[in-house]
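[1] Would you be able to build a 3D model of this:
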Amino acid sequence: MKKIGFSHGVLYRILDVYSKKAIDTYKNCGANAIEICINKAAEFPKLSNIAEDLKYFSYKSLHLPSDIKYKDDISTNHLLNELENIYKDLEIDLVLVHPDLVDNWKVFDRYKLNWAIENMDNRKEKYKTLDDIKNFFTIRPGWKFVLDLNHCYSNDTSMKLANDLINNFKSNIAQIHLSGYENYHEPLFQTKQNNILDYCKSIDDPIIIESTFDDINDVKKEYKYITSYLNK
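    Residues are numbered from 1 along each chain as shown. Take a look at the predicted model:
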């Protein structure tokens, strides 16, 4: 069964994303996968609120905080030590870091976790082109890759970039990030950008939906739209 679910932060405009209600919303629409998106390092303790509920999902990834720079210092090592325990306790399958936030890659080598990067969007200076990603995997071939289709579209509406990334790094791809793109992370059931969705059909890896919502009922609409399209 294909693993499809949500980034747990996509309801941030509506309710506390570390609440049982948020997690139940994803469960009740049929999701069997989840990405725990830690927006800020200070949020790590909040995971205890939903730890038991997360056991429901057959696939779990974790997105590292985006409010720090990762370097060989006390704060980074403290965070990664904490992460190592969470990784084991919650049986996390993949840990994702934004590559543009890393100043020292060697700090990750001390922790035997399943590490991944994702391609960046058009607001970033690096890690968004085919050559950028090639250079990374030349140096760190053992890492995994999260293909972010929204980010591909923001850089190249023809989606040639997505095609090139798939052709070059299919063996590294471990997860897909999926959402529509007009200005940010719009739901696909609204944008109807099926040319983004099409790239999920040839990849069997877990899909994490990053569409953001202003109405809690739209979570089920988005899940149904995506799964119905992919099952055609």
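
[2] Okay, and the residue nearest the centre of the chain sits in which element?
    The chain has H177 as the residue nearest its centroid, 5.2 Å off, counting by C-alpha atoms, centre = their mean. Using DSSP states H and E, H177 sits within strand 173-178.

[3] circling back: contacts only, for the residue nearest to the centre of the chain.
    By C-beta atoms under 8 Å, 6 or more residues apart in numbering, the contact list for H177 reads S7, E118, V146, L147, D148, L149, N150, H151, I208, E210. (C-beta placed from N, C-alpha, C; glycine too.)

[4] Likewise for R140?
    W105.

[5] separation between it and V97?
    11 Å (C-beta to C-beta, to the nearest Å).

[6] helices or strands up against the lengthiest helix in the chain?
    Scanning the chain for the helix with the most residues, using DSSP state H, yields helix 74-89. Counting contacts by 3 or more C-beta pairs under 8 Å, 6 or more residues apart in numbering; DSSP states H and E, helix 74-89 is packed against strand 59-63.

[7] Would you mark the buried spots in the strand it packs on?
    Buried positions in strand 59-63, judged by neighbour count with 16 or more other C-beta atoms under 10 Å: Y59, K60, S61, L62, H63.

[8] List just the nearest of those to E52.
    Nearest to E52 among the buried residues of strand 59-63 is K60, at 12.9 Å by C-beta to C-beta.

[9] Identify the farthest-apart pair in the contacts of H177.
    Farthest pair in the contacts of H177 (C-beta to C-beta) is S7 and L147. Separation: 14.6 Å.
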